[in-house]
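*Asks:* generate a structure from the sequence data that follows.
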Amino acid sequence: ASLFEGTFVNMSCCFTHECHIQVFRWMQKQRWYVADNGVYSKLISVMGKKGQIRMAMWLFSEMRNSGCRPDTSVYNALITAHLHSQDKAKALGKALGYFEKMKGIEWCKPNTVTYNILLRAFAQARNVEQVDALFKDLHESIVSPDIYTYNGLMDAYGKNGMIREMESVLSRMKSNQCKPDIITFNLLIDSYGKKQEFDKMEQVFKSLLRSKEKPTLATFNSMIINYGKARLREKAENIFQKMKNMGYTPSFITCESLIMMYGLCDCVSRARDIFDGMVQSGKEMKVSTLNAMLDVYCMNGLPMEADMLFKSAKGLGIVPNSSTYKLLYKAYTKANMKELLQNLLEHMDRDGIVPNKRFFLEALGAFQSLPAGMETATATTVVGSPLGRSKT
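*Replies:* Have a look, this model is predicted:
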């Protein structure tokens with residue numbers, strides 16, 4: 001069965017849910033097939049990731065009808081599937097329902113993974129009270145928290161900007177004699193950096209250097225971009241220099257972080273130097289790097305320079321994506337550059353880029369920032385374009 005469990009996992013990133021069900025149906029018809037919890041668990045997980053909650057529920061029913069007895073791993077998969085639902089409040093209610101049901105079944109008792117899934121989900125939902133209740137339940141059970149319990153919780157709180165709650169989990173982690181790993185250090189550094197609590201960020205970085213763990217490129221990239229957002233160019237440059245002194249080779253993400261940092265610090269020429277250096281290196285250029293440089297031009301009020309770079313993109317072997325068009329559309333609209341906007345819309349039409357609802361809602365935000373009178377002129381440009389005429 002493990003061979004086919006791996007097959008479903010490998011297929012999950014490149015096939016539709018219909019393909020998985022077809023393979024499953026084929027398996028059921030084979031003489032060697034025996035209903036197996038592992039296969040059902042993997043399939044339910046895949047359906048959840050694809051947003052096919054009803055299909056996940058159908059598989060759960062199918063499993064019980066086939067004579068299989070759902071175990072903890074199956075319930076964990078089912079809880080995770082529900083948490084992929086758009087209706088988060090309903091999903092969390094369902095998840096708690098399954099959790100309570102598991103506690104009443106001898107062979108389905110919640111394990112550490114169950115608690116980790118639920119704790120992270122409720123932390124993401126900012127439900128501190130439920131997180132505390134789950135921790136109390138965990139403490140009273142025979143199950144013990146692990147490093148993933150604490151990291152998942154701190155990451156969720158940190159991403160929500162809930163620093164006090166994140167620090168409370170860190171204290172709990174230390175009191176339980178659980179040592180931080182590199183993921184712990186990185187999420188703390190990133191969370192403090194995003195809130196511009198740089199004293200704490202630097203303190204964590206020093207603790208990391210004193211520990212047995214080693215910084216990763218993600219450690220430095222986070223610090224560079226967060227210093228940049230605070231316009232602390234010198235500190236960002238110093239951390240980049242420290243990274244090189246420690247023998248790390250910058251990745252394309254490091255270079256993009258530097259490009260954005262210089263853009264945020266009004267050093268457009270330095271950002272362009274890094275971009276040109278990447279082009280001259282001969283390595284394959286990524287569209288995210290192009291978008292970073294275009295964003296720098298746009299945030300610094302240089303739409304003409306952005307347009308020149310955009311026109312040269314294909315010559316550099318870079319194919320623009322929808323994010324490229326979105327950031328240029330907003331910048332040209334805000335600058336009231338009707339000709340550039342017209343050309344951009346024609347490019348989108350030729351490249352088959354069809355704007356979705358979100359694209360136009362964000363564009364409306366740019367319209368609203370225009371002085372009175374300019375909105376009508378810019379809107380006329382959109383309606384008169386091939387894109388405006390052909391799409392509804």
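*Asks:* make it CA atoms for all contacts and neighbour counts henceforth
*Replies:* Fine.
*Asks:* how distant is the top helix by length along the chain from the center of its chain?
*Replies:* Secondary structure assigned by DSSP state H gives helix 88-103 as the longest helix of the chain. From the chain centre to the centre of helix 88-103 is a distance of 24 Å (Cα atoms, centre = their mean, to the nearest Å).
*Asks:* identify the residues contacting that helix?
*Replies:* 72, 75, 79-80, 82-85, 108-110, 114, 118, 121-122 (Cα atoms under 8 Å, 6 or more residues apart in numbering).
*Asks:* then stretch 219-236?
*Replies:* So stretch 219-236 is contacted by 186, 189-190, 193-194, 196, 237, 239-240, 243, 253-254, 257-258, 260-262, 264-265 (Cα under 8 Å, 6+ apart).
*Asks:* buried ones among those residues?
*Replies:* Among the contacts of stretch 219-236, the ones that count as buried by 16 or more other Cα atoms under 10 Å are 186, 189-190, 193-194, 237, 239-240, 243, 254, 257-258, 260-262, 264-265.
*Asks:* give me the average confidence score over stretch 210-227.
*Replies:* Averaged over stretch 210-227, pLDDT sits at 97.
*Asks:* export it as CSV, just CAs?
*Replies:* Extracted C-alpha coordinates of stretch 210-227, given in CSV (Å, rounded to 0.1, in the frame of the first residue of the first chain):
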residue,chain,number,x,y,z
ARG,A,210,25.6,31.3,20.1
SER,A,211,23.5,28.1,19.7
LYS,A,212,24.3,24.9,17.9
GLU,A,213,22.0,25.9,15.1
LYS,A,214,23.3,27.6,12.0
PRO,A,215,21.6,30.6,10.2
THR,A,216,20.1,29.8,6.8
LEU,A,217,19.7,32.1,3.8
ALA,A,218,16.1,32.7,4.9
THR,A,219,17.5,34.2,8.2
PHE,A,220,19.4,36.8,6.4
ASN,A,221,16.8,37.5,3.6
SER,A,222,14.2,38.2,6.3
MET,A,223,16.5,40.7,8.1
ILE,A,224,17.5,42.5,4.9
ILE,A,225,13.9,43.1,3.7
ASN,A,226,12.6,44.1,7.1
TYR,A,227,15.4,46.5,7.7
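*Asks:* flag every buried residue along it.
*Replies:* 215, 217, 218, 219, 220, 221, 222, 223, 224, 225, 226, 227.
*Asks:* which ones among these are found in helices?
*Replies:* Short answer: the buried residues of stretch 210-227 in helices (DSSP H) are 217, 218, 219, 220, 221, 222, 223, 224, 225, 226, 227.
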